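Enquirer: Just the structure for this:
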Amino acid sequence: MRPPMLIGLVVALALTAWLAFQEDDAAVEPVSRGKGQSQRAPASTPETDSAQSQMLVQSVAQWQARSALPPLTIDTLRPWASQQAPTPPPQAVESVAIAPPMAPPFPHAWVGRFNDSAQRAVLASADSTWVVSVGDVIEGQWRVDQIQERQMSLTYLPLQQRQSIAMKAP
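Expert: Numbers count the residues shown, from 1 in each chain. Modelled structure (predicted):
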């Protein structure tokens, strides 16, 4: 911890402890302010207490005698209603047949093939190259189903859709 922060922390703790152990010598007296000067509130007397309680009783009686508000109905709420014309009901929408999801195009190029009995192909993308054979899975999404002379069949595994790609011409 840095020395200035440590000093500040110690000072804050010392002031807090000092204030916590101080005794409250004087009780707080209510003060009413008038014209920018503070004045003491007048001491309450039995006469002022009875006058205040009579005023309170009269106020409660007036509140209880008030007229009741009319119940809320459509007619009483109408003046508060929106002044905009009501929106027309939604028109029937023709149902459009949504096309089923389609597999994306194969993201790699088929750049070569080995002439051996294992039927292996060379695939390339911007950042990687693969040598694959039938049954291999590429990036967890594409399975190689068949490798022919100039065509390869793949299955897009999330949708189980087949695609064929042709070898790139040199």
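Enquirer: what distance separates the helix or strand where Val144 lies from the centre of its chain?
Expert: Per DSSP states H and E, Val144 falls inside strand 142-147. Here strand 142-147 is found 43 Å from its chain centre; the criterion is C-alpha atoms, centre = their mean, to the nearest Å.
Enquirer: And that strand, what's buried?
Expert: 142-144, 147 (16 or more other C-beta atoms under 10 Å). All C-beta spots, glycine's among them, are computed from the backbone N, C-alpha and C.
Enquirer: what is the mean pLDDT for whichever helix or strand comes after it?
Expert: Per DSSP H and E, the first helix or strand lying C-terminal to strand 142-147 is strand 151-156. What strand 151-156 shows for mean pLDDT is 90.
Enquirer: quick one on the thing from earlier: between the buried residues of strand 142-147, which is closest to Val122?
Expert: The nearest member of these to Val122, counting by C-beta to C-beta, is Ile147 at 10.6 Å.
Enquirer: Across the sheet, point out what pairs with that closest one.
Expert: Met152 (DSSP bridges).
Enquirer: What pLDDT is listed against it?
Expert: For Ile147, the predicted pLDDT is 86.
Enquirer: Low-confidence ranges, this structure, go.
Expert: Scanning the chain for pLDDT under 70 picks out 1, 24-44, 70, 75-86, 117, 168-170.
Enquirer: can you do 90?
Expert: 1-4, 17-101, 103-134, 138-140, 146-152, 163-170 (pLDDT under 90).
Enquirer: center of it - which residue?
Expert: Centroid-nearest residue in the chain, with C-alpha atoms, centre = their mean: Pro101, separated by 29.5 Å.
Enquirer: Please report how far that one lies from Leu159.
Expert: 6 Å (C-beta to C-beta, to the nearest Å).
Enquirer: Looking at the buried residues of strand 142-147, which is nearest Ser50?
Expert: Nearest to Ser50 among these, with distances taken as C-beta to C-beta, is Trp142, at 94.9 Å.
Enquirer: Great, nothing more from me.
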